[in-house]
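In: Model the following, please.
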Amino acid sequence: MTQKLVVIGEGEEKARLERGCGDNIRFLGSTSFPELKHHFARCKALIFPGEEDFGIVPVEVQAAGRPVIAYGKGGALDTVVDGKTGVLFKPSTTEGLIAAIERFEASGISENCTADCVANAKGFTEASFQAGIRAALAEVGFDYEAFQSVRASAG
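Out: Numbers count the residues shown, from 1 in each chain. Below is the predicted model of the structure:
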């Protein structure tokens, strides 16, 4: 069975790729954030084959309750839980991606991951970041609340 693929975004290779693809692949180009959210919420999975230091898109897709198939290097190692909120793959080759998609399809992650994906994405909110910083400061003896109190009274 041929799978559908929606490609969102622009890039140097877009025109060449469009010419060489079948009817099951649709290129949308740049889209608005509301349209992105629409696709995030309805996709079977996001395929994220690139390497980025962090990569916010996989987190946004998980916040919508959907899993990610990502290259297992860079930020994806921190944002995707292999086997739970998606699948990580190596090497970054056509064969590696195909194997990851096959593992994803066989796993059933797509049908059972909504709560896990949303919970994982919550770990990357501003509040979670602030709590993590405060905890790290507390570990080295810095009293953030006292600092804020002094700062406010000096204000």
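In: Show the residue spans covered by the strands in the protein.
Out: Counting by DSSP state E, the chain has these strands, from start to end: 5-8, 25-29, 46-48, 68-71, 86-89.
In: Pick the most deeply packed of these.
Out: The highest average neighbour count among the strands of the chain, using mean count of other Cβ atoms under 10 Å, belongs to strand 68-71 at a mean of 27. The way it works is simple: take the backbone N, C-alpha and C, and place the C-beta from them, glycine included.
In: outside of that one, which residues touch it?
Out: By Cβ atoms under 8 Å, 6 or more residues apart in numbering, the residues outside strand 68-71 that reach it are 45-51, 55, 58, 61-62, 76, 79-80, 85-90, 92, 97, 100-101, 104.
In: For that strand, which strands pair with it and how are they oriented?
Out: Here strand 68-71 has these sheet partners by DSSP bridges: strand 46-48 (parallel), strand 86-89 (parallel).
In: chain center to that strand: distance?
Out: Here strand 68-71 is found 8 Å from its chain centre; the criterion is Cα atoms, centre = their mean, to the nearest Å.
In: what sits against the spatially most central residue of the chain?
Out: Per Cα atoms, centre = their mean, the C-alpha nearest to the average position across the chain is that of P58, at 0.8 Å. Going by Cβ under 8 Å, 6+ apart, P58 touches L46, F48, V68, A70, G75, A76, T79, V80, G86.
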